[in-house]
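Colleague: no sequence for this one, just the structure:
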């Protein structure tokens, strides 16, 4: 009987001591598992004050970059290829049947366009009203790189915000990575294609001569319409980066699933 009483007293003392020390066990000895786990996770994974300050500063800088990219992206896209006089200009290769002072500019039949020859390149400009479609193609080519900066800035904001909450592997961050991958792949091929197509379409609209049969013999040269070749003209670094980002987005999804599975294992 004395031994049982001593054991009961010792157990009761141990319970009271644990309760006063951790606060995780109540007077009846039942552990408050959810609150204890949350407290441990919060204290273990919360970034230090210096890191929190750096993350907040990073969010502010990224927001400014996004705002600036939106403004300059719209401005430069609407003004792509357009000079102060309201003319749209483009460049094309120039072929001349003769060498010397007798070589003249390409024939520009009644379009109000102007041409300036610089060695093997000719710069042509015409009123924007005639070349709305080529200007739109060039505007799209100008806007895509800014989209990459904008989406990347939003991704930095989302990831830094998640790091403040100590849960970086979120669906939003994965979506941003996937979007960046798609935009990088588009930038690798679509941008040079749009640029080439813009000049080629302008040549078609202005009816510029594109071979020697369209000009008087030995009197004028002709322009060579740009042609897009994937192997030669694609931006391979952007393509490689885009594929890499897509793979990271797939791995990010698996990392997010592991994060959810291990949240309760504390």
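Modeller: Okay, I see it. These numbers were taken from a predicted model, which means no experiment stands behind them.

Colleague: Flag every buried residue along the helix or strand harbouring residue 181.
Modeller: According to DSSP states H and E, residue 181 maps onto helix 171-206. Residues of helix 171-206 classed as buried by neighbour count (16 or more other Cβ atoms under 10 Å): 173-203, 205-206. Where C-beta positions appear, they are placed from N, C-alpha and C, glycine not excepted.

Colleague: helix or strand right after that helix?
Modeller: strand 222-224.

Colleague: Name every strand pairing with that following strand and say which way it goes.
Modeller: Strand 222-224 pairs in its sheet with strand 87-95 (antiparallel), by DSSP bridges.

Colleague: how far off helix 171-206 does the strand it pairs with point, in degrees?
Modeller: 70 degrees (axes from the mean of the first three to the mean of the last three Cα atoms, to 10 degrees).

Colleague: What residues of strand 87-95 count as buried?
Modeller: Judged by neighbour count using 16+ other Cβ under 10 Å, the buried positions of strand 87-95 are 87, 88, 89, 90, 91, 92, 94, 95.

Colleague: per-residue confidence at the closest residue to the third one other than its chain neighbours?
Modeller: The one in question is residue 89. Leaving aside its chain neighbours, residue 89 sits nearest to residue 125 (3.9 Å; criterion: Cβ to Cβ, 6 or more residues apart in numbering). With respect to pLDDT, residue 125 scores 86.

Colleague: Residue 125 against residue 88, yeah?
Modeller: Yes. Applying Cβ atoms under 8 Å as the test, residue 125 and residue 88 come out as touching, 6.6 Å apart.

Colleague: mind showing which ranges of the stretch 101-250 of the chain have poor pLDDT?
Modeller: By pLDDT under 70, the weakly predicted segments of the stretch 101-250 of the chain are 101-119, 166-171, 212-220.

Colleague: give me that answer again for 50
Modeller: 109-111 (pLDDT under 50).

Colleague: ok, how many other residues are close to residue 72?
Modeller: 12 (other Cβ atoms under 10 Å).

Colleague: Contacts only, for residue 193.
Modeller: Each residue near residue 193 by Cβ atoms under 8 Å, 6 or more residues apart in numbering is listed here: 228, 233.

Colleague: go again using 6 Å as the cut-off
Modeller: Residue 193 sits next to residue 228 when contact means Cβ atoms under 6 Å, 6 or more residues apart in numbering.

Colleague: so how far is residue 205 from it?
Modeller: From residue 193 across to residue 205, the span is 18 Å (Cβ to Cβ, to the nearest Å).

Colleague: Let me see the backbone angles for residue 131.
Modeller: Per-residue torsions, residue 131: phi -120, psi 40 (degrees, to the nearest 10).

Colleague: repeat for residue 126
Modeller: According to degrees, to the nearest 10, residue 126 has phi -150, psi 160.

Colleague: Can you name the helix or strand that residue 60 falls in?
Modeller: Using DSSP H and E, the element containing residue 60 is helix 49-78.

Colleague: what comes up buried for that helix?
Modeller: Under 16+ other Cβ under 10 Å, the buried positions of helix 49-78 are 55, 58, 59, 62, 65, 66, 69, 73, 77.

Colleague: My guess is the fourth one contacts residue 156. True?
Modeller: Yes. Residue 62 lies in contact with residue 156 (Cβ atoms under 6 Å); the separation is 4.2 Å.

Colleague: about what we covered before: what number of residues lie near the residue nearest to residue 89?
Modeller: 21.
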